[in-house]
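Trainee: I'll drop the sequence and a predicted model, then ask my questions.
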Amino acid sequence: MNPFRQLLKRSGHQVPVGTWLTSASPLVAEAVGHAGLDWGVIDMEHSPLDLPLLVQMLQAIAGTRLVPVLRVPWNDPVMIKRVLEAGAQTLVVPFVQTADEARAAVAATRYPPQGTRGMSGMGRSSRFGTAHDYFRTANGDIAVIAQLETPLAIERLEEIAAVDGVDALFIGPADLSAAMGYPGRFTHPSVTTAMSAAVRRCKAAGKPVGTVGATPETVTQYRAAGFDFIAIGSDIALMVQAAQASMVALRGQHGDHVHTLSGGTDASA
């Protein structure tokens with residue numbers, strides 16, 4: 001069964017917390033997998049990650065408790081087909097703005113007659129042909145998360161949520177804030193108000209919804225707003241923040257200047 005769906009089902013009152021994996025490093029992904037996070041988005045949209053390296057990252061994470069989610073670069077059926085063959089089971093599809101785009105994303109993940117995914121029996125997805133019932137079960141085991149990043153997408157939220165095969169929605173605060181006229185100001189009151197209203201509409205539609213925040217304080221606010229799954233920053237952001245905190249502790253008291261990250265550590269979303 002799909003591990004991300006199971007994570008949402010067993011979460012109860014504890015919202016699953018994840019992070020963005022943008023380093024394109026299997027070693028970093030494996031380390032993050034042992035850090036106690038529930039899930040992580042392997043990002044192919046905003047990172048130098050190719051398919052062979054994706055396979056290595058999935059292999060590295062497989063030995064940890066982290067549930068992997070894969071964000072494809074675009075809503076492209078060829079790329080979707082290839083990452084599924086590489087072993088991805090839960091996909092985030094960016095910049096979905098209409099129900100038709102959501103249907104196209106779902107169709108690319110399904111074998112005929114439910115979809116348009118090409119048949120191949122020897123990929124990593126089928127355990128190299130040893131999972132003999134893979135063609136029969138694959139359609140039901142793949143999850144699709146539609147990412148909403150513009151006011152237009154938010155406006156059409158119910159239509160997108162109603163598409164059969166869309167398991168969850170994800171609201172990207174970085175692109176949404178830019179599209180609303182507040183680039184880089186992910187927690188501008190107008191943006192957070194729009195996101196909170198979107199959460200209420202998702203609840204009414206019966207669809208889980210997630211997002212990403214740069215700091216524990218922001219994640220706490222998103223949790224209070226009712227988001228069902230939340231990421232905190234990214235592997236690189238967490239690493240840089242820890243390094244900067246160490247440098248501030250070591251040099252800050254002596255007046256040395258240390259460049260620190262702005263609030264935009266969740267810009268990849």
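Mentor: It's in.
Trainee: Only C-alpha atoms from now on, for both contacts and neighbour counts.
Mentor: Will do.
Trainee: Show me what the helix or strand hosting residue 91 is in contact with.
Mentor: Under the criterion of DSSP states H and E, residue 91 resides in strand 90-93. Strand 90-93 has contacts (C-alpha atoms under 8 Å, 6 or more residues apart in numbering) with 2, 4, 68-75, 105, 142-147.
Trainee: in whichever helix or strand comes after it, what counts as buried?
Mentor: Once the chain leaves strand 90-93, the next helix or strand it forms, by DSSP H and E, is helix 99-108. By neighbour count on 16 or more other C-alpha atoms under 10 Å, the buried set for helix 99-108 is 99, 101, 102, 103, 104, 105, 106, 107, 108.
Trainee: Quick check: the farthest pair among those?
Mentor: 99 and 108 (14.3 Å; C-alpha to C-alpha).
Trainee: Which of the helices or strands spans residue 169?
Mentor: Taking DSSP H and E as the criterion, residue 169 maps to strand 166-171.
Trainee: Specify the angle between that strand and helix 99-108 in degrees.
Mentor: On the basis of axes from the mean of the first three to the mean of the last three C-alpha atoms, to 10 degrees, strand 166-171 is oriented at 130 degrees to helix 99-108.
Trainee: partners of strand 166-171 in the sheet?
Mentor: Paired strands of strand 166-171, with direction, are strand 143-148 (parallel), strand 209-213 (parallel) (DSSP bridges).
Trainee: what's the next helix or strand after that strand packed up against?
Mentor: Per DSSP H and E, the first helix or strand lying C-terminal to strand 166-171 is helix 173-179. Under the contact criterion of 3 or more C-alpha pairs under 8 Å, 6 or more residues apart in numbering; DSSP states H and E, helix 173-179 touches helix 189-205.
Trainee: Contacts for the helix it packs on, please.
Mentor: Residues outside helix 189-205 that contact it (C-alpha under 8 Å, 6+ apart): 154, 157-158, 161-162, 171, 173, 176-177, 180, 186, 208-209, 225-227.
Trainee: Which of those residues are buried, as a PyMOL select command?
Mentor: Applying 16+ other C-alpha under 10 Å to these leaves a buried subset, and the PyMOL line that selects it is:
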select buried, resi 154+157+158+161+162+171+173+176+177+186+208+209+225+226+227
